[in-house]
Every structure is written in structure tokens, then in C-alpha cells.
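Visitor: This is a predicted model, with the sequence first.
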Amino acid sequence: MRKTTIEEWLADLASDKPAPGGGAAAGMNAAVGAALVSMVCNLTIGKPKFAEHEQVMREALAEAERLRAEAVQLAEDDAEAFSGVVAAYKLPKGTDEEKAARTAAIQAGLVDAAEVPLAVAKVSAEIIRLSGRILDGSNPNVLSDVAVAASSAKSALESAALNVDINLVSIKDAAQRERLASALNEALQAKVQAEAIMQAVAKRIRA
């Protein structure tokens, strides 16, 4: 993904290929959110009138860059995880041993396929929190971009949650289901903050 153009990636997304798909799109939405946080920081850092927020912005910038790289990697990982599930379903099932091995491979693949969007959800939640952290000190000329960052991360979070859920329904191990669902629910709490950020920005813009 790092070596392809946006147009080429979107063409792949639109094609009849099974991957990239919604999981990769969620990862890229998160990356967009993180990139916007970086942009706001870069347009605030070094401006004398925002000097009191300089340290926060520099720290947020470093964190946003880390999260953006992680989100892009997860978008790539999602395609690989999905391919692993597809490969498991294609394993032979002619004997009892083959059936057992195939079932085990499918279940392991489903857990792996759920882990990636779960990681996207966690990254998205971090980006939302980071958007909130820079809200008060950001350059007002790019205030709307703070809201768009939170909105993009919220969309990524919701999309990732759907991709976790679709794998959860097929996972037979109750302990794994509970672990994944619990972690996802924790990440989803950030949606409230994302909505609050967007409302706060809208209020300031209209004031």
C-alpha cells in the first residue's frame, strides 16, 4: 500500500478481489484521521501566539505520526488475515483428520482476522483521544480539521467494529469471543468523545 497511488488502491478496493475490503478501508480511515492531527499540529507549532501549547502539540505530533504508520500497517495486515481465512476454508476435508485440521485452521484464522480490526479500533480510539487533546490549543484556522480527524477516526472505529463482529459470530471458543468483544467494547467508548469534539468545533465555528 505504501508503494501504490491512491487511485490504484481505490481501483483495487472497487474490484472483484476479496481484499482489500472494508477492513483495509477502516485502517486507511484511521490513517487519515491521524494525518489530520499531524497537519493541525504542524500548522500550530512554531506560531508565537500558540507558544503555551507548543509542548502538547509536539508530543501530539509524534504520537499522531506513530498512529498513522500503525494504521497503514494494519490496513495491509487486514488483507493478509482475510486471505488466511480463505486459505483455511480451501483445505482438504476428505478424512476425519483433514476435517479436524481444517476446522482448527479456520478457527485460528477467524481469531487472527478479528484481531486486526480490533487493533484498528484501538488505534482509532487513540486518534480520537489525541484529537481531543489538541482541540483547545490548535490554530483556529484549522479548527475544523480537528473535527474531521475525530470524525474519520470515529468512522474507522465503527467500521472496524463491524469487521470484528462478523468474525466473532463464527468463533466457537467462548473465551476468545469474550476477550475480543470486551476489548472492542472498551475501544467503542471513544465514540462519545468523537461526537463531543465534533459538536464543540461546530459550536465554535458558528459562534
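Guide: It's in. Residues are numbered from 1 along each chain as shown.
Visitor: ok, residue 71 - contacts?
Guide: Residue 71 makes contact with 27-28, 30-31, 34, 120, 123-124, 127, 156 under the criterion Cβ atoms under 8 Å, 6 or more residues apart in numbering. All C-beta atoms are positioned from the backbone trio N, CA, C, and that covers glycine.
Visitor: what sits against the residue in the chain sticking out farthest from the centre?
Guide: What lies farthest from the middle of the chain is residue 95; by Cα atoms, centre = their mean that is 40.2 Å. Shown in contact with residue 95 (Cβ under 8 Å, 6+ apart): no residues.
Visitor: Please determine how far it is located from residue 166.
Guide: Separation of residue 95 from residue 166 (Cβ to Cβ, to the nearest Å): 30 Å.
Visitor: repeat for residue 118
Guide: 12 Å.
Visitor: Mind checking which of those two has more residues around it?
Guide: Per other Cβ atoms under 10 Å, whichever of residue 118 and residue 166 has more neighbours is residue 118, with 23 against 15.
Visitor: Residue 164 is in contact with the more buried one, correct?
Guide: Yes - using Cβ atoms under 8 Å, residue 118 is in contact with residue 164, at 5.2 Å.
Visitor: overlap in contacts of those two?
Guide: 180, 184.
Visitor: on that earlier part again, can you tell me which of the contacts of residue 71 has the most neighbours?
Guide: Counting neighbours by other Cβ under 10 Å, the top entry in the contacts of residue 71 is residue 124, with 37 neighbours.
Visitor: For that one, give me the pLDDT.
Guide: Residue 124 is assigned 98 on the pLDDT scale.
Visitor: what bits of the protein have low per-residue confidence?
Guide: Residues of the chain meeting the criterion pLDDT under 70: 1.
Visitor: Just give me the longest helix of this protein.
Guide: Secondary structure assigned by DSSP state H gives helix 96-135 as the longest helix of the chain.
Visitor: mind listing what's buried in that helix?
Guide: Buried residues in helix 96-135, defined by neighbour count with 16 or more other Cβ atoms under 10 Å: 102, 105-107, 109-135.
Visitor: Can you name the element that comes right after it?
Guide: Next along the chain after helix 96-135, taking DSSP states H and E as the criterion, comes helix 143-168.
Visitor: buried stuff in that following helix?
Guide: Buried residues in helix 143-168, counted by 16+ other Cβ under 10 Å: 143-161, 163-164, 167-168.
Visitor: Packing partners of it?
Guide: Under the contact criterion of 3 or more Cβ pairs under 8 Å, 6 or more residues apart in numbering; DSSP states H and E, helix 143-168 touches helix 22-42, helix 96-135, helix 174-188, helix 190-206.
Visitor: For residue 65, find the nearest of the ones you listed.
Guide: Residue 65 sits nearest to helix 22-42 of all those, at 6.0 Å, using Cβ to Cβ.
Visitor: mind saving the C-alpha coords of that closest one as PDB?
Guide: Extracted C-alpha coordinates of helix 22-42, given in PDB (Å, rounded to 0.1, in the frame of the first residue of the first chain):
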ATOM      1  CA  GLY A  22     -13.800  -3.000   4.400                       C
ATOM      2  CA  GLY A  23     -11.100  -3.800   7.000                       C
ATOM      3  CA  ALA A  24      -8.400  -2.200   4.900                       C
ATOM      4  CA  ALA A  25     -10.700   0.800   4.400                       C
ATOM      5  CA  ALA A  26     -11.200   1.200   8.100                       C
ATOM      6  CA  GLY A  27      -7.400   1.200   8.600                       C
ATOM      7  CA  MET A  28      -7.000   3.900   6.000                       C
ATOM      8  CA  ASN A  29      -9.700   6.000   7.500                       C
ATOM      9  CA  ALA A  30      -7.800   5.800  10.800                       C
ATOM     10  CA  ALA A  31      -4.600   6.800   9.000                       C
ATOM     11  CA  VAL A  32      -6.400   9.900   7.500                       C
ATOM     12  CA  GLY A  33      -7.600  10.900  11.000                       C
ATOM     13  CA  ALA A  34      -4.000  10.600  12.300                       C
ATOM     14  CA  ALA A  35      -2.600  12.600   9.400                       C
ATOM     15  CA  LEU A  36      -5.100  15.400  10.000                       C
ATOM     16  CA  VAL A  37      -4.000  15.600  13.700                       C
ATOM     17  CA  SER A  38      -0.400  15.900  12.400                       C
ATOM     18  CA  MET A  39      -1.500  18.600  10.000                       C
ATOM     19  CA  VAL A  40      -3.100  20.600  12.800                       C
ATOM     20  CA  CYS A  41       0.000  20.200  15.000                       C
ATOM     21  CA  ASN A  42       2.300  21.300  12.100                       C
END
